[in-house]
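> Here's a sequence, model it:
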Amino acid sequence: MSQPISMPWSSPTFGELPHRWQGVRVAAFPFMPRPGAVERILPPGMEPADGPGMVTFLSYPQTECQHPFDEAVVMVPVRVDETLGNYIPYIYVTTDEALIPGREIAGFPKKLAQVEWGRDGDRVRGSVTRWGKRILSIEGRVQGPMPEAALAGGGAGAPALNYKLIPGPAGEIEIEEITKVQIELIPREQEIGQAQIRCEPSDLDPVADLVPEAEGAMIVMLSDNTIPAGEVLKRIKREVRV
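Next up is the predicted model:
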């Protein structure tokens with residue numbers, strides 16, 4: 001890196017986009033949000049869209065620029081004008097290297113947490129613990145390879161639509177916009193199974209208000225992931241700041 005592009009100036013935490021990882025371990029769990037829950041958590045400029053939400057656990061390997069980290073993501077389908085995508089109200093990571101670029105570049109609302117998940121034979125377990133409280137856990141079993149008819153050709157799904165809110169030095173809102181990032185995920189291996197999701201109530205992290213306890217399909221894969229440069233989809237203008 002010839003010139004830093006992020007803080008701190010003397011030891012920046014990330015370099016220029018795109019950011020790439022090979023061999024990311026992924027486990028994904030579709031869920032149906034609690035009735036009315038999506039509407040209550042959406043920021044200005046977004047409307048709920050049809051379809052299930054997704055809880056995803058990821059383990060990112062070492063790269064030349066970043067240390068390994070684990071991540072847990074909760075997303076729901078939304079619409080911004082004519083654009084369909086996934087809004088991420090809750091996302092947890094295990095390192096500041098993962099947190100800072102996600103928040104500063106595209107506005108992913110990342111928080112540090114203890115994210116643990118892994119596979120032992122055909123069993124998969126995972127959990128998210130923050131401030132000593134377990135807020136999300138999954139337990140499942142891999143049943144076998146993904147059926148040929150269900151295999152996708154690889155590439156990118158719906159884009160991530162983030163609400164990026166940054167205050168200025170005096171406390172005023174300096175940036176308020178919706179960003180669009182088309183994350184690229186190329187599967188190498190895909191398996192299918194069943195899993196159960198549980199959430200614990202938490203005032204600091206109210207994931208349980210959105211994600212009900214449920215049992216359903218689980219997708220486990222090994223993939224190559226790329227986070228490219230995104231775009232500002234919409235700037236929010238509000239007359240009254242709350």
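
> what's around Val181, how many residues?
Residues lying near Val181 (other Cβ atoms under 10 Å) number 23. Where C-beta positions appear, they are placed from N, C-alpha and C, glycine not excepted.

> Kindly report the same for Val26.
20.

> if I pick it, what's in contact with it?
56-59, 185, 219-223 (Cβ atoms under 8 Å, 6 or more residues apart in numbering).

> for Met54, same thing?
With Cβ under 8 Å, 6+ apart, Met54 has these contacts: 28-31, 73-75, 86.

> who are the neighbours in contact with the most centrally placed residue in the chain?
Relative to the mean C-alpha position of the chain, the nearest C-alpha, by Cα atoms, centre = their mean, is the one of Val73, at 3.5 Å. Going by Cβ under 8 Å, 6+ apart, Val73 touches 54-58, 88, 90-92.

> And for Val211?
Neighbouring residues of Val211 by Cβ under 8 Å, 6+ apart: 31, 33-34, 53, 55, 74, 136, 197, 199.

> Only whichever of these are buried, select them in ChimeraX.
The ChimeraX selection below is limited to those of these classed as buried (16 or more other Cβ atoms under 10 Å):
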select :31,33,53,55,74,136,197,199
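
> right, and Pro167 touches Ile173 too?
Yes: using Cβ atoms under 8 Å, Pro167 is in contact with Ile173, at 5.9 Å.

> Quickly find the element holding Gly23.
strand 19-31 (DSSP states H and E).

> chain center to the helix or strand following that strand: distance?
Of the helices and strands lying after strand 19-31 in sequence (DSSP H and E), the nearest is helix 37-41. A distance of 17 Å separates the C-alpha centroid of helix 37-41 from that of its chain, computed with Cα atoms, centre = their mean, to the nearest Å.

> buried ones in helix 37-41?
Residues of helix 37-41 classed as buried: 37-38, 41 (neighbour count, 16+ other Cβ under 10 Å).

> Tell me the bridge partners for Phe31.
For Phe31, the beta-bridge partners are Gly53 (DSSP bridges).

> same for the top strand by length along the chain, what does it pack against?
Longest strand in the chain, counting residues (DSSP state E): strand 184-199. On a contact count with 3 or more Cβ pairs under 8 Å, 6 or more residues apart in numbering; DSSP states H and E, strand 184-199 meets strand 19-31, strand 133-145, strand 214-227.
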